[in-house]
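Q: Quick one, what's the 3D model for this:
(2 chains, ligands or ions: 1)
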Amino acid sequence: MDFAFTPEEERFRQELKEFLRRELPEWWRGMFVHDDRVFPQTRRFCQELAERGWLTMAWPPEHGGQNASVWKQAILREEMWAHEEPRGPQYMNLNYIGPCIMRYGTEEQKRRFLPPMAKGTVIWTQGFSEPEAGSDLASVRTRAEEVADGFVVNGQKIWSSYADAPADWCFLLVRTDPSAPKHRGLSVLLVDMRTPGITVRPIDSMAGPHELNEIFFDDVKVPRNCLLGEKNRGWEIVTAGLAFERAGIARYARAGRVIELLTEYVQQTHCDGQPLAANLDVRRKLAELRVRYEAARLLNYRAISLQARGQVPVVEASIARLHNTQLEQLVGHVGMEILGLGGLLTHADPQAPLSGSVYRQWVRNIPTTIAAGTLEIQKNIIAAQGLGLPRQR
Amino acid sequence: MDLHLSPEQTLLVESARSFLSRVWSLERTRAIEASPSGFDRHLWLQMAELGWLGIALPQGFGGSEQTFLEATLLLEEMGRALLPSPFVPCVVVAAPLVQALGSAEQQRRWLPLIAAGRAIATLALVEPGWRDEWRRPEVRALREGTRLRLRGRKCFVPYAESADLTIVAVTIEGEGPSVLAIDREIPGCSYSRLDTFGGEPQFDMEFDVAVPATTLLGKPGEAGAEIDNACQRAMVASLAFMVGASERVLEMTVEYAKTRSQFGRPIGSFQAVAHRCVDMRSDIDALRYLVYQAAWNIASGKVDALEVAAAKAYGNEALRRIYMNAHQVHGAIGFSMEYDLQLFTRRAKAVELQWGSTSFHLERVAARMGLE
Ligand SMILES: Cc1cc2nc3c(=O)[nH]c(=O)nc-3n(C[C@H](O)[C@H](O)[C@H](O)COP(=O)(O)OP(=O)(O)OC[C@H]3O[C@@H](n4cnc5c(N)ncnc54)[C@H](O)[C@@H]3O)c2cc1C
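A: Just a heads-up that it's a prediction; the model follows:
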């Protein structure tokens, strides 16, 4: 056992921190704000990362990566998430879309799709959920009918983040065989979002724009060479993709950053002639957040340790996610409680304490136990696969 | 002991519910939230006609001579309808302050206007940097001959821009906490709207003005206890609003759990989902009776009771749980602005942040338990 990073890893973290200080503009508040500078900024940022070899550092050299250790990847993810994900939508390319193409794609697809990801020039959106297919993802209805030169897609996706960025490509789950049992009639198509017949309707979320969209497909022609993996074997790809996705976000790191901001805040803020940091309740509450942060971080590190040995943590990733998401929510609630009345101000108000970071922490994380597999679904996975309990559905 | 409403109270609640369901809708809540004044003046006048705006005022001022408990029952219905209005600052906070502290002339001037819906009143209490309302004002007023020079800043003043009467909490040099009744006509106050999420317009106010000493409400230096009482009323009233709002959210959530299907069955048939709905039910029930008990204590003059603090100490945590449960059951749709749940969630969070944290009220409870 060793609970420390190596000096080289620590140096890497410092380098990243300095890079972020230099590259992130003062106005950066994450993606979910009404500001036209957001997506150009994320593209610029990814290209800067790419130039330093950091963007796809986890990938094998033949696809523009450096085979970086899982721990270095973890450090990168932590620093990115802690700074409100300056890579923007492109974190998804690195976490699961690229890896899925590497694993299931043809040589031609790898040559076509991976280099733009490695250069940081392409935005992908995820087209999985549908109005009637949320937790029960395998029941998607969006239909892809096979025709002579490919597929014709009709149907509707919902909740697709960043589709309005605008996204260049969609990682789309479709039904190719309606007569097969539901898990066996699905396929994944890689769809050019500029194809005629595609309409994107943005849906404002409580946190702001861009996080939720509907995508409508009306006789959309998709060439055969955009089918990923085998036809009707899409469920396997999606399951692998979701497992990569769950492990791919260092959610505890943003919580950790907000705890740091709050720690500075209570030392600088005076109440009744004393720093807020002297208030016993505030101290205990912040300390409790820190303890839960330690727990979440360790459970993430356990999953990463398994990856470092070449194993695929499934149950462990779900347990880490339970801790991550509930920590994020708790930090939002306790942070708001510490601010008190000042917490009423949104980040749009120049007087908002900590530039509205705590408000954003609260509002953004309302659905963090819903996105990418709900808390209940995570628990079902742990119960069935981790504890061997009989399945209930 | 009897935890039932009286026949008169039942009638009040039923007529309020049927009136509000006729005239109000959540689409109107959305529209009014986006408007500059943040409330519907026409409806405000109708509320006056129903006797709501003078609910606890004597008949001599055009009031209905009910108690704070009846005001609370009305607020529960307004919460169910999610009706934004200055009812709390005007009717629950300001009018009783004028009644408790004002001279006969001040009472005659303002109370009939408030009861008739023709004057909006609000309280300017909070100052920059305050975490909650339970503090002594630090904005100073200095005597300048027969006038008082008021200089300073107040924030989180609800509906300030619409207010005809702003009650400003100040400390008069050498005399102590006092309240001034500042008329809209008096120049020297400027407003700016704050960007808040709670669905109620909140303002920053800057004062640099010399007002006649006749604007004082009550004796200088003696307003501390009445300000405290006003805060207790506002706190319980806001919780009552959230009880009604949460009841509506529970109905929405249960309906959703019955009609939304995943894996070929209604999600409400999954125990994990059903139990969240049950937790909401039990939290709302507990909160409702804590609020009634608090309101009853206030109506009986026991404003400082343990029972009053208990309502907020429980309410803060209960509101968090209720709204997290509602969102969890709804899945992604509950996070969209198009769906109505967010209208309720934002208000619940705002009520939690106002009128004191859990630990503040637990301390009050501890003190009233006799813990040294
Ligand atoms: C912020 C955000 C971003 C998102 N981004 C994307 C995206 O980019 N692309 C995309 O395709 N999708 C995206 N989603 C959708 C997300 O994957 C779904 O919201 C999620 O899978 C849940 O589906 P649902 O919202 O339909 O809820 P439902 O599945 O309807 O669930 C409702 C409730 O029922 C419970 N429930 C359901 N089944 C069971 C069960 N078997 N046992 C116990 N409880 C159960 C759930 O836990 C939940 O509490 C996003 C969602 C959010 C909130």
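
Q: buried residues in stretch A:33-43?
A: Across stretch A:33-43, burial judged by 16 or more other C-beta atoms under 10 Å in any protein chain shown covers A:33, A:38-39, A:41-43. Any C-beta I mention is one placed from the backbone N, CA and C, and that applies to glycine too.

Q: For it, the averaged confidence score.
A: For stretch A:33-43, mean pLDDT is 96.

Q: Contacts for that stretch, please.
A: By C-beta atoms under 8 Å, 6 or more residues apart in numbering or on different chains, the residues outside stretch A:33-43 that reach it are A:25, A:27-28, A:31, A:86-90, A:120-121, A:123, A:165, A:208-210, A:347.

Q: Cross those residues against helices and list the overlap.
A: If you go by DSSP state H, those have nothing in helices.

Q: Next, check the residues you listed against the strands and list the overlap.
A: Mapping the contacts of stretch A:33-43 onto strands (DSSP state E) picks out A:208-210.

Q: Kindly indicate which of the residues you listed lies nearest B:Thr166.
A: Proximity of the ones in strands among the contacts of stretch A:33-43 to B:Thr166 (C-beta to C-beta) peaks at A:Gly208, which lies at 33.1 Å.

Q: residues in contact with that closest one?
A: Neighbours of A:Gly208 in contact, by C-beta under 8 Å, 6+ apart: A:32-34.

Q: from these, which is closest to the ligand?
A: Nearest to the ligand out of these is A:Phe32 (C-beta to the nearest ligand atom; 9.4 Å).

Q: isn't the closest one right up against A:Pro209?
A: Yes - assessed by C-beta atoms under 8 Å, A:Phe32 is found in contact with A:Pro209 at 6.3 Å.

Q: Which one of those two is surrounded by more residues?
A: Neighbour count, other C-beta atoms under 10 Å in any protein chain shown: between A:Phe32 and A:Pro209, A:Phe32 has more, with 22 against 18.

Q: could you show me where the strands are in chain B, in order?
A: Going by DSSP E, chain B shows strands at B:121-124, B:140-144, B:147-158, B:165-172, B:176-183, B:189-193, B:202-212, B:216-217, B:261-262, B:265-266.

Q: Over to the spatially most central residue of chain A. Which of the three states is it?
A: Nearest residue to the geometric centre of chain A (C-alpha atoms, centre = their mean): A:Ile249, 5.3 Å. Applying DSSP: H, G, I helix; E, B strand; the rest coil to A:Ile249 yields a three-state assignment of coil.

Q: what sits against it?
A: Residues in contact with A:Ile249 (C-beta under 8 Å, 6+ apart) are A:77, A:81, A:91, A:95, A:324.

Q: now do B:Arg346
A: Counted by C-beta under 8 Å, 6+ apart, B:Arg346 has contacts A:206, B:197-199.

Q: Can you name the residues of the stretch 1-150 of chain B sitting close to chain A?
A: B:126, B:129-133 (C-beta under 8 Å from any C-beta of the partner chain).

Q: Select only the buried ones of those in PyMOL?
A: Paste this into PyMOL to select the buried members of the residues of the stretch 1-150 of chain B next to chain A, with burial taken from 16+ other C-beta under 10 Å:
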select buried, chain B and resi 126+130+131+132+133
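
Q: which residues does the spatially closest residue to A:Pro86 that is not a sequence neighbour contact?
A: Excluding its sequence neighbours, the residue lying closest to A:Pro86 (C-beta to C-beta, 6 or more residues apart in numbering or on different chains) is A:Phe45, at 4.8 Å. If you count contacts by C-beta under 8 Å, 6+ apart, A:Phe45 has them with A:23-24, A:86-88, A:120.

Q: From the ligand, how far off is A:Phe45?
A: Remark: distance between A:Phe45 and the ligand (C-beta to the nearest ligand atom, to the nearest Å) = 20 Å.

Q: so is that residue in a helix, a strand, or just coil?
A: Strictly by three-state DSSP, A:Phe45 counts as helix.

Q: Show me where the stretch 251-393 of chain A has its helices.
A: Remark: helices assigned in the stretch 251-393 of chain A by DSSP state H, counting those that start in this stretch are A:251-268, A:280-308, A:315-339, A:357-364, A:375-381.

Q: Quick one: neighbours of the nearest residue to A:Arg290 once chain neighbours are set aside, just the number.
A: Of all residues not flanking A:Arg290 in the chain, A:Ile259 sits nearest, at 5.9 Å (C-beta to C-beta, 6+ apart). A:Ile259 has 21 neighbours, counted by other C-beta under 10 Å.

Q: So A:Ile259 sits against A:Tyr293, correct?
A: Yes - A:Ile259 is within contact range of A:Tyr293, at 6.0 Å (criterion: C-beta under 8 Å).

Q: list residues touching both of these two?
A: By C-beta under 8 Å, 6+ apart, the residues touching both A:Ile259 and A:Tyr293 are A:Val331.

Q: Which parts of chain A belong to which domain?
A: For chain A, automatic domain parsing gives the domain ranges A:7-88, A:126-234, A:250-386.

Q: next one: the last one to chain centre, how far?
A: A distance of 16 Å separates the C-alpha centroid of domain A:250-386 from that of its chain, computed with C-alpha atoms, centre = their mean, to the nearest Å.

Q: Please report how far the residue of the stretch 251-372 of chain B found nearest the ligand lies from chain A.
A: Nearest to the ligand in the stretch 251-372 of chain B, going by C-beta to the nearest ligand atom, is B:Gly331, at a distance of 2.4 Å. Separation of B:Gly331 from chain A (C-beta to the nearest C-beta, to the nearest Å): 5 Å.

Q: How about the contacts made by that residue?
A: Shown in contact with B:Gly331 (C-beta under 8 Å, 6+ apart): A:134-135, A:367, A:370, A:374, B:260.

Q: closest to the ligand among those?
A: Nearest member of the contacts of B:Gly331 to the ligand, counting by C-beta to the nearest ligand atom, is A:Gly134, at 1.8 Å.

Q: pLDDT score for the residue nearest to the closest one when sequence neighbours are not counted?
A: Closest residue in space to A:Gly134, ignoring its immediate chain neighbours: B:Gly331 at 5.4 Å, by C-beta to C-beta, 6+ apart. B:Gly331 is assigned 98 on the pLDDT scale.
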